[in-house]
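Peer 1: The following comprises the amino acid sequence and a computationally predicted model.
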Amino acid sequence: MSEQAQAVRELDGGWLQAKAPLPYSLKWVNAYLLPDESGWTLIDPGLRTEETEAFWSEALAARSIPMSAIHSIVVTHHHPDHYGMAGWFQQRTGATVWMSPVAFASAGRLWGEGESFSRELTEAFCRHGLPKELEEGMNAHMRGFPERVSPQPSDVRLISPGDRFTMGGIEWDVYGAEGHAPGHLLFYDRSGGKLLCGDAVLPDISPNIGWMPGGDPDPLQSFLESLRALRALEVSMAYPGHRNPFEAFSQRVGELLEHHERRLRRMEELLGDSGLTAFELCELLFGARLRGNMHNLRFALAETIAHLVRLEDEGRIARNGEADGQISFAIQKG
Ligand SMILES: [Zn+2]
Ligand SMILES: [Zn+2]
């Protein structure tokens, strides 16, 4: 069996977990294929690259699944590593693409005709201390995404938290989780305890907190609130967007909540009363090596800003003016 075919494994219920390749430190994104009487539902088909196309052609052939057997494509959230192949698959299968209205709008904002998001993001990062010499690198990084989500699906149908949705012969309760990506959906099988959780909760890795200009002003707060709500679900097996399915869901949620509490305290310590920009704090936390990897830098800086915004809202730190066009933060005195 080829390496690609081995990256597909069968789970309970005849489900398939396909590890679609990623050119990032995360290595792969999990797509799940759920069978029913009339064919397959494909969840989170991956980032559109030549490598992913070859992966899918080989993986489906090895399992004797023709393209025409895929009748539905479900996208948990709009991030390119999950959504990128949706249009490519739709063109080949004629499948319906399902996603949340907010995720659909986000894809339009980020990669629609005449988008201005990339520039807005880089400008916001510059105000948060991104050095001039990294500005063009960040812009170039952002310009690389449209081709990785193209073609975008032409026919999208919408599902929202609170809906019920049938796939793989199971009727799912649709949940939402904010903070990682706007309009992120989760699918919960109330009778079997299965939870398709996308990137809202991951084993081993802390999901990135996705601050962005013009988005959720306090995504960490939204994330923590979502986690507290999800913690109550009785989950027998969670199926995440990265790494492998895991059982101890509520324990993992607890770990993530603690992780962010610790991170908030650590940032407060590092800030002191000297005043640092988000970028300076980010380098103190994650190291200067970030400068060589725009992808990781973007995630780290967005997450640092999300934590600073939270600390500011709690009154633990204060924002210094934008005197020289840059925002800095320091411990709130007295
Ligand atoms: Zn994501
Ligand atoms: Zn992801």
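Peer 2: Yes, it's here. All values reported here derive from a predicted model rather than from experimental measurement. Ligands and ions are numbered 1, 2, ... in the order given.
Peer 1: Quick one: end-to-end length of stretch 10-24, please.
Peer 2: 25 Å (CA to CA, to the nearest Å).
Peer 1: In this protein, spot the helix with the most residues.
Peer 2: In the chain, with assignment by DSSP state H, the single longest helix is helix 249-271.
Peer 1: packing partners for that one?
Peer 2: In terms of contacts (3 or more CB pairs under 8 Å, 6 or more residues apart in numbering; DSSP states H and E), helix 249-271 is packed against helix 219-230, helix 278-286, helix 294-313, strand 328-331. In short, each C-beta sits where N, CA and C put it, glycine included.
Peer 1: thinking residue 27 is in contact with residue 7, fair?
Peer 2: No. Taking contacts as CB atoms under 8 Å, residue 27 lies outside contact range of residue 7: 10.2 Å.
Peer 1: For this protein, which residues are neighbours of ligand 2?
Peer 2: 81, 199, 241 (CB under 5 Å from the ion).
Peer 1: pretty sure the last one is touching residue 29, no?
Peer 2: Yes. With contacts counted by CB under 8 Å, residue 241 reaches residue 29, the gap being 5.9 Å.
Peer 1: hey, what's in contact with both of these two?
Peer 2: 44, 81, 82 (CB atoms under 8 Å, 6 or more residues apart in numbering).
Peer 1: where does residue 318 land in three-state SS?
Peer 2: At residue 318 the chain is in strand, as set by DSSP: H, G, I helix; E, B strand; the rest coil.
Peer 1: Let me see the contact set for it.
Peer 2: Contacts of residue 318 (CB under 8 Å, 6+ apart): 312, 329, 330, 331, 332.
Peer 1: near ligand 1, which residues of this structure?
Peer 2: Within reach of ligand 1 by CB under 5 Å from the ion, the chain has these residues: 79, 199.
Peer 1: Can you tell me which helix or strand of this structure has the lowest average pLDDT?
Peer 2: Counting by mean pLDDT, DSSP states H and E, the chain has its least confident helix or strand at helix 3-6, which shows a mean of 55.
Peer 1: quick one: contacts of the helix or strand just after it?
Peer 2: Per DSSP states H and E, helix 3-6 leads on to strand 8-10 as the next helix or strand towards the C-terminus. Applying CB under 8 Å, 6+ apart, the contact partners of strand 8-10 are 16, 17, 18, 19, 59, 62, 63.
Peer 1: Now, of these, which are buried?
Peer 2: Buried residues within the contacts of strand 8-10, counting neighbours by 16 or more other CB atoms under 10 Å: 16, 17, 18, 19, 59.
Peer 1: So for the closest residue to ligand 2 within the stretch 201-334 of the chain, what pLDDT did the model give?
Peer 2: Nearest to ligand 2, among the residues of the stretch 201-334 of the chain, is residue 241, at 4.6 Å (CB to the ion). Note on residue 241: pLDDT of 98.
Peer 1: ok, and the most crowded of the shared contacts of residue 241 and residue 29?
Peer 2: Neighbour tally across the shared contacts of residue 241 and residue 29 (other CB atoms under 10 Å): the maximum, 30 neighbours, falls on residue 82.
Peer 1: right, and that one touches residue 73 too?
Peer 2: No. With contacts counted by CB under 8 Å, residue 82 stays clear of residue 73, the gap being 10.7 Å.
Peer 1: what residues are shared contacts of the two?
Peer 2: By CB under 8 Å, 6+ apart, the residues touching both residue 82 and residue 73 are residue 45.
Peer 1: now the residue in the stretch 1-150 of the chain positioned nearest to ligand 1, nearest residue through space, not along the chain?
Peer 2: Ligand 1 sits closest to residue 79 of the stretch 1-150 of the chain, with a gap of 3.6 Å, by CB to the ion. Ranked by CB to CB, 6 or more residues apart in numbering and with sequence neighbours excluded, the top spatial neighbour of residue 79 is residue 181, at 5.6 Å.
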